[in-house]
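Novice: here's my sequence, what's the structure:
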Amino acid sequence: MLKLRQLIPTLILAAGIWAYHNSFAVPFLFDDHSSVEDNLTIRHLWPIWNVLSPSPTTFVGGRPVVNLSLALNYALGGTRVWGYHALNLAIHVLAALTLYGIVRRTLARPGLRERFGAGAEWVALATAVIWMVHPLQTEAVTYISQRCESLMGLFYLLSLYGFIRGAESQSSLGWFTLSVAACFLGVASKEVIVTAPLMVLLYDRTFVSGTFREAWTRHRRLHLGLASSWLLLGCSITGLHNRGVGYGPGLTGWDYALTECRVVAHYLRLAVWPHPLIFDYGEYVPTRHLAAVVPYALILAVLAIGVLFALKRHPAIGFVGAWFFVILAPTSSVVPIMASPMAEHRMYLPLASVVALTVCGSVALGKRLFHERQGVVLGSMAGAFVVALLTFLTIQRNRDYISEATIWQDTVEKHPHSPRARYNFGVLLVQQGRLREAIGQYEQALRIKPDYAEVHYNLGVALVQLGRLPEAIGQYEQALRIKPDFAEAHNNLGLALMGQGRLLEAIAHYELSLRIKPDDAEAHYNLGLALMGQGRLPEAIHHYEQSLRIKPDDAEAHNNLGNALLHAGKVPEAIGHYEQALRIKPDFAEAHNNLGLALVQLGRLPEAMEHWEQALRIKPDYAEAHYNLGVAFEQAGRVQEAIGHYEQALRIKPDFVPAQSNLAKARAAQ
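Specialist: Numbers count the residues shown, from 1 in each chain. Purely as a prediction, here's the structure:
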């Protein structure tokens, strides 16, 4: 038995690597972009307070331990996804090892030892491995941002494991300290750990002390220590409403409870047969037909009554059942999550109760039906088959995550009535240049949810790329009717209006965008362009400068600020910005051309010609550079070369009037 115990960590690790070996190349998905790529608080480990203070409006808000783990990943490998997935898997494997320890030590306690005996090792191992390789866990492991779920799960399990070891030990202080510390770390990982003190107390009553009174008498300090974590939780939940949590207009506790009856029943079904697995189930939708919920409500009522009965008559079974309902309670009854009322990662810990009950029940049944040796052989074969099947399904599920396009396409196919899935799939189709398909997805999303402002906005973006400006303007305006403070929609509407020459209207929308979002570099830049078009040079210069204050490495903004300064007669300053644009982007043909124009005004013609020639090396069909070089050659008396460049300019741009005029004069002068 000692040899088996020594091999168990290796077996669990090997099973985890086998199941998730194809997840290490999965790219950043959905919330990963804000959690990792756009998360400035993980860029540096020091000062540590910045790392431990993520914005409460982001996915990692109120979860400093998760943010710290992402910062460690970033310090070691930047945004290379391999390291993030490796740490996610390491957390999952550690959680499985902890679950193994909890089950093994629980089955070795009086009352259960006699029933499971030496088989406790195998039962605990089967429970931990099946739980670990179950495909329902993929969202919490493969999706990087859901590290908050698996990390909280690890600390939840460690809180219970620390209590169990402390209760068995002659010197309990160290283990109880671990239990309380893990609970506090869990609070700093995800709010769902709020139930951990209750489950540790229930475990104490069920398996250690016998009654709640005795549990309180014997381990009062431990339970008070665990409960004190709720004080930290109260501080960490600020900003939850910004993440789609809490009651909104038209949502009551009764409405949400009806919805969650179907959700929890669906979780149970997925635990038994994990298909279809869906990445995103969409936002809260009210349940309109009470009759459709009744069967699910009855199932859950029977199960809940059964758990209460078992807690009194069969406490061990009751504890396992309570584990499922109590851990799900915060997100499935107490605190509504309108942005995502159903999510598979929430089954991360509750799944352990389903697996443990199934494995223990199968072992107990096998002992009744078969002789001990026969039962061991058949049980081992059945367990190996289940592990292999679930691992195969997990590997297959990980393939759905291999790109953002595949996971959103999979979601749309399995859940076609989710407007959010269609919206996200549409965004990716636009990025791939598949504009007409993207428009189809957006239109489908709007049929389901006509007041989806983000879809109207992105439909406008796609229509602009197809040159359908009037339709795009209509979509931007619709987005703003739904969501008047939509800064990006104001900005893009301004761009579309500029495309139609409606500069005054465009300026009004840029200004509205900046009132909502004052530090938007793009809106400042676009407003500068519009003001420049109206000849309002001082104002244009101001907004270009504001854009560069926010985004100093924007070559386009430097170039256009140079243009504005050149028109304002501030030639040396203009040259400085053109040169800065070229330091940022050396192959910027327009900046070379404009720098040449500025140098000419200072009488530095040879340098100007070098920049025009450089512009043509980068962009041979640049008509303006050919024209400018033609003018320079003509001034230098090299008429034949000037004619050649004028002719080149007109081949590229036949209606280029200055080139036509200068070519005629040059030919006449020959």
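
Novice: contacting residues for residue 58?
Specialist: Contact analysis of residue 58 by Cβ atoms under 8 Å, 6 or more residues apart in numbering lists 34-35, 39. In this view, the C-beta of every residue, glycine as well, is placed from N, C-alpha and C.

Novice: so where do the strands sit in this structure?
Specialist: Counting by DSSP state E, no segments of the chain form strands.

Novice: give me the residues contacting the lowest-mean-pLDDT helix or strand in it.
Specialist: Least confident helix or strand of the chain, by mean pLDDT, DSSP states H and E, is helix 113-116 with a mean of 81. Helix 113-116 has contacts (Cβ under 8 Å, 6+ apart) with 107, 120, 123, 360, 363-364.

Novice: of those residues, keep whichever come out buried.
Specialist: Neighbour-count burial (16 or more other Cβ atoms under 10 Å) applied to the contacts of helix 113-116 gives 107, 120, 123, 360, 363.

Novice: what helices or strands is the helix ranked longest in the chain leaning on?
Specialist: Counting residues, the longest helix found in the chain (DSSP state H) is helix 372-400. Using 3 or more Cβ pairs under 8 Å, 6 or more residues apart in numbering; DSSP states H and E as the contact criterion, the elements in contact with helix 372-400 are helix 2-20, helix 120-133, helix 138-142, helix 350-369, helix 404-414.

Novice: state the distance from residue 346 to residue 259.
Specialist: Here residue 346 is placed at a distance of 14 Å from residue 259 (Cβ to Cβ, to the nearest Å).

Novice: could you do residue 173 as well?
Specialist: Applying Cβ to Cβ to residue 173 and residue 259 gives a distance of 45 Å.

Novice: ok, now which ones touch residue 497?
Specialist: 473, 503, 505-506, 509.

Novice: can we see that at 7 Å?
Specialist: Residues near residue 497 by Cβ atoms under 7 Å, 6 or more residues apart in numbering: 473, 505-506, 509.

Novice: could you single out the nearest of the buried ones among the contacts of helix 113-116 to residue 635?
Specialist: residue 123 (93.0 Å; Cβ to Cβ).

Novice: surely the closest one touches residue 358?
Specialist: No - using Cβ atoms under 7 Å, residue 123 is not in contact with residue 358, being 10.9 Å away.

Novice: most widely separated two among the contacts of helix 113-116?
Specialist: So, those by Cβ to Cβ: farthest apart are 120 and 364, at 12.7 Å.

Novice: hey, what's in contact with both of these two?
Specialist: Joint contacts of residue 120 and residue 364 (Cβ under 7 Å, 6+ apart) do not exist.

Novice: which residues touch residue 194?
Specialist: By Cβ under 7 Å, 6+ apart, the contact list for residue 194 reads 230, 233, 330.

Novice: buried among these? Need that as a selection in ChimeraX.
Specialist: Listed next is the ChimeraX selection for buried residues among these, using 16+ other Cβ under 10 Å:
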select :233,330
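
Novice: okay if I get the contacts of residue 194 as JSON lines plus distance to residue 101 and pLDDT?
Specialist: Listed next are those as JSON lines, based on distance: Cβ to Cβ, whole Å; pLDDT from 0 to 100:
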{"residue": "230", "distance to residue 101": "26", "pLDDT": "95"}
{"residue": "233", "distance to residue 101": "26", "pLDDT": "86"}
{"residue": "330", "distance to residue 101": "25", "pLDDT": "89"}
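
Novice: give me the below-cutoff pLDDT ranges for the stretch 51-200 of the chain.
Specialist: Regions of the stretch 51-200 of the chain meeting the criterion pLDDT under 70 are absent.

Novice: ok, now how distant is residue 130 from residue 562?
Specialist: Distance of residue 130 to residue 562, computed by Cβ to Cβ: 65 Å.

Novice: please apply the same query to residue 494.
Specialist: Here the criterion is Cβ to Cβ. By it, residue 494 lies 22 Å from residue 562.

Novice: next one: residue 349
Specialist: In terms of Cβ to Cβ, residue 349 sits 59 Å off from residue 562.

Novice: with residue 476 instead?
Specialist: To residue 562, residue 476 is 30 Å away according to Cβ to Cβ.

Novice: again with residue 48
Specialist: 42 Å.

Novice: with residue 380 instead?
Specialist: Per Cβ to Cβ, residue 380 is found 76 Å from residue 562.

Novice: those two: which is more packed in?
Specialist: Counted by other Cβ atoms under 10 Å, residue 380 and residue 562 do not tie: residue 562 has more neighbours, with 27 against 12.

Novice: where does this structure dip in pLDDT?
Specialist: Scanning the chain residue by residue, the ranges that satisfy pLDDT under 70 are 1-4, 237-252, 288, 333-334, 371-376, 670.

Novice: hmm, try it at 90
Specialist: Counting by pLDDT under 90, the chain shows low-confidence ranges at 1-7, 53-62, 110-122, 170-171, 233-259, 282-293, 330-341, 363-383, 634-639, 663-670.

Novice: mind listing the helices for the stretch 51-200 of the chain?
Specialist: According to DSSP state H, counting those that start in this stretch, the stretch 51-200 of the chain carries its helices in the segments 64-77, 81-107, 113-116, 120-133, 138-142, 147-168, 173-187, 196-203.
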